[in-house]
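J.: Sequence unavailable; structure follows:
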């Protein structure tokens, strides 16, 4: 046990505050760490499971407290080196819980588009960069129109953004080879996904839909269809 532990009623207050925030208290655990303000032995800190997120409670022994935590609002770490009241510590703790909840529940947009590298790699290995024929370009236009309707109706995306990207892809299909066009297609999709802050499952649906619509034209259509 820490040399300067929190009293039971204070730990219970921490427990209740976690519940009020909507987080599961069982996702947290206590551990000991070294004090940094008074440097008088070990102190307790609360850690969120499977992360480096923590809140350390440092007790001077005479009723004053200090604290340090990660994450903060706009930075990874913050520490209070001055002596403050328990009421102030618990106010900072409540704010910390909101930061933890934000970081845990916010989707990782970089993970949601990680399939981009797989698709681009596959397209760069395509053997042919031949231009599309007229029939193929007509099919692309029809497919992109279908994609546009899907994005606007199923996912309610920004019409101006979708329209501009679709028009760009239609125009580029007439001047670049199929291998290069696949890369442009993926880039346009990633741009749409990141601009709209779409969750990973929606991103996968969009890539899957594109693969289904365009697989008859794109040699890498099956890659688009199965990159999940």
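T.: Perfect, thanks for sending it. Everything numeric here is computed off the predicted structure, so don't read it as measured data. Numbering: from 1, shown residues only.
J.: All the helices of this protein, in order from the start?
T.: Ranges of helices within the chain are 8-21, 86-105, 109-112, 115-124, 134-154, 159-172, 178-196, 200-214, 221-226, based on DSSP state H.
J.: Show me the beta-bridge partners of residue 80.
T.: Residue 80 has these beta-bridge partners by DSSP bridges: residue 67.
J.: which residues touch it?
T.: 66, 67, 68, 92 (C-beta atoms under 8 Å, 6 or more residues apart in numbering). (C-beta placed from N, C-alpha, C; glycine too.)
J.: From the residues you listed, pick the one nearest residue 156.
T.: Using C-beta to C-beta, the shortest approach to residue 156 within those belongs to residue 92, at 38.3 Å.
J.: Nearest approach to residue 37 belongs to which of the helices of the chain?
T.: Of these, nearest to residue 37 by C-beta to C-beta is helix 86-105, at 12.2 Å.
J.: now for that closest one, which elements pack on it?
T.: helix 8-21, strand 54-59, strand 65-70 (3 or more C-beta pairs under 8 Å, 6 or more residues apart in numbering; DSSP states H and E).
J.: Could you check the angle that helix makes with strand 65-70?
T.: Here the directions of helix 86-105 and strand 65-70 differ by 10 degrees (axes from the mean of the first three to the mean of the last three C-alpha atoms, to 10 degrees).
J.: Looking at helix 86-105 now, give me its mean pLDDT.
T.: For helix 86-105, mean pLDDT is 94.
J.: between that helix and helix 8-21, what angle do the directions make?
T.: When the same axes, to 10 degrees is applied, the directions of helix 86-105 and helix 8-21 differ by 40 degrees.
J.: what's next to helix 86-105, contact-wise?
T.: Counting by C-beta under 8 Å, 6+ apart, 10, 13-14, 17-18, 21-23, 48, 51, 53, 55, 57, 65-67, 69, 71-73, 80 sit against helix 86-105.
J.: I'd like to know which of those are buried.
T.: Buried by 16 or more other C-beta atoms under 10 Å: 10, 14, 17-18, 21, 23, 48, 53, 55, 57, 65-67, 69, 71, 80, out of the contacts of helix 86-105.
J.: Tell me the one among these nearest to residue 197.
T.: Ranked by distance to residue 197 (C-beta to C-beta), the buried ones among the contacts of helix 86-105 are led by residue 71 at 19.5 Å.
J.: burial count for the residue nearest to that closest one when sequence neighbours are not counted?
T.: Spatial nearest neighbour of residue 71, excluding adjacent residues (C-beta to C-beta, 6 or more residues apart in numbering): residue 99 at 4.9 Å. Residues within reach of residue 99, counting by other C-beta atoms under 10 Å, total 18.
J.: Make CSV from the helices of the chain and add distance to residue 36 to it.
T.: Below are these laid out as CSV (distance: least, C-beta to C-beta, whole Å):
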stretch, distance to residue 36
helix 8-21, 20
helix 86-105, 15
helix 109-112, 33
helix 115-124, 41
helix 134-154, 51
helix 159-172, 48
helix 178-196, 39
helix 200-214, 38
helix 221-226, 51
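J.: Please name the bridge partners of the nearest residue to residue 130 once chain neighbours are set aside.
T.: Nearest-residue entry for residue 130: residue 177, 5.8 Å, with adjacent residues in sequence omitted and distances by C-beta to C-beta, 6+ apart. Beta-bridge pairing of residue 177 under DSSP bridges involves residue 131.
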